[in-house]
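In: Pasting a predicted model and its sequence here:
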Amino acid sequence: MRDSSLSPSSRLGGAVISDRIVGALLEELRTGRYAQTDRLPAEVDLAAELSVSRTVIRDALSEMERAGYIERVRGIGTVVNRSVLNLRSRLDQKLEYYPLIRSFGSYPHADGIQIYPVRAGEELARDLVIEPGDDVICIKKRILADTTPVIYSIDYLPRALFGSRDYTRIDLSGDIFDVLERECRQQVASNVAHLKASCGDESIRAAMRLAPGEAMLLLDEICYNRLCHPVMRSLSYYTNFFDFSILRKLL
């Protein structure tokens, strides 16, 4: 796995080397050589097995500990938290619609896609740190698991992110994080989400085929790039198809 032309901070296909190591270790913990273990080998042994430096291993383990997959305990070693490892839909982590739906054994796809410009009102302008009246691109879509509607999403992107390009000639129908990175050179580093129960308006209820009185979970998010500037306001309505969890680390 070593590539001598890349430093530990270099990017491989958009991912830092330590991120790749995290992915490899999680796969080994779930289905590979460490699937039956309650502890990981020492850093020096992991570095040798994965052909990377101890610095890369240390960075990867730090990330895994922050995510709650492991705890590094002095005098004991790196302990695996299998309860956290087996969680598949965590609200405290980045949620990508398609991988999330696939984790439930269903086929994800989108329909009812609408893309059109709007003028930012006071609230949207404040959220995106733009001027009221500035152009914003609104993207609406319904996400299905097989034939069942499970998510209705509304994303607002400042028109300025696309520069002078004609956004109508750009494919904005795919994963919104990919769109931001590919078309706007904006990588979402964090978001602030507010969770609430919502019945949605009549058009959303009809699209989601909700029963009378049935509510959805609304994630109202503002997404920030690595310079801590907001690049998107996102409203995602989830049906009870999902069973979400949140990890709260206390130490």
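Out: Arrived safely, thanks for sending.
In: ranges for the strands of the stretch 151-251 of the chain?
Out: 188-198, 216-225, 230-238 (DSSP state E, counting those that start in this stretch).
In: which stretch among those comes nearest residue 46?
Out: Shortest distance between residue 46 and those, using Cβ to Cβ, is found for strand 188-198: 26.7 Å. Just so you know, the C-beta spots here come from the backbone N, C-alpha and C atoms, and that holds for glycine as well.
In: what inclination does that closest one have with respect to strand 216-225?
Out: If you take axes from the mean of the first three to the mean of the last three Cα atoms, to 10 degrees, strand 188-198 sits at 160 degrees to strand 216-225.
In: which other residues reach strand 188-198?
Out: Residues outside strand 188-198 that contact it (Cβ atoms under 8 Å, 6 or more residues apart in numbering): 91, 94, 177, 180-181, 215-226, 228, 231-232, 234, 237.
In: Drop anything exposed from those.
Out: 177, 180, 216-225, 231-232, 234, 237 (16 or more other Cβ atoms under 10 Å).
In: Between the residues you listed, which sits nearest residue 204?
Out: Nearest member of the buried ones among the contacts of strand 188-198 to residue 204, counting by Cβ to Cβ, is residue 237, at 6.2 Å.
In: got a list of what the closest one touches?
Out: The neighbourhood of residue 237, defined by Cβ under 8 Å, 6+ apart, consists of 151, 152, 153, 198, 200, 204, 208, 216, 217, 218.
In: List buried residues within the residues you listed.
Out: 151, 152, 153, 198, 200, 204, 208, 216, 217, 218.
In: Distance check, the second one against residue 118.
Out: Same thing as residue 152. 17 Å (Cβ to Cβ, to the nearest Å).
In: Ok, the fifth one next?
Out: Noted for residue 200: a distance of 19 Å to residue 118, by Cβ to Cβ.
In: what do you get for residue 196?
Out: Going from residue 196 to residue 118 by Cβ to Cβ gives 22 Å.
In: which of those two has more neighbours?
Out: Using other Cβ atoms under 10 Å as the criterion, residue 196 and residue 118 rank with residue 118 on top: 13 against 10.
In: The more buried one touches residue 136, doesn't it?
Out: Yes. Counting by Cβ atoms under 8 Å, residue 136 is a contact partner of residue 118 at 5.3 Å.
In: how about the helices in the stretch 51-200 of the chain?
Out: 54-66, 82-85, 97-102, 122-128, 176-184 (DSSP state H, counting those that start in this stretch).
In: could those helices go into CSV alongside mean pLDDT?
Out: Rendered in CSV, the data for the helices of the stretch 51-200 of the chain read as follows (pLDDT from 0 to 100):
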stretch, mean pLDDT
helix 54-66, 94
helix 82-85, 94
helix 97-102, 90
helix 122-128, 98
helix 176-184, 93
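In: what residues are up against the spatially most central residue of the chain?
Out: Geometric centre of the chain, nearest residue: residue 94, 2.4 Å, by Cα atoms, centre = their mean. The contact partners of residue 94, by Cβ under 8 Å, 6+ apart, come to 177, 188.
In: now do residue 61
Out: 40, 43, 70, 72, 78 are the contacts of residue 61 under Cβ under 8 Å, 6+ apart.
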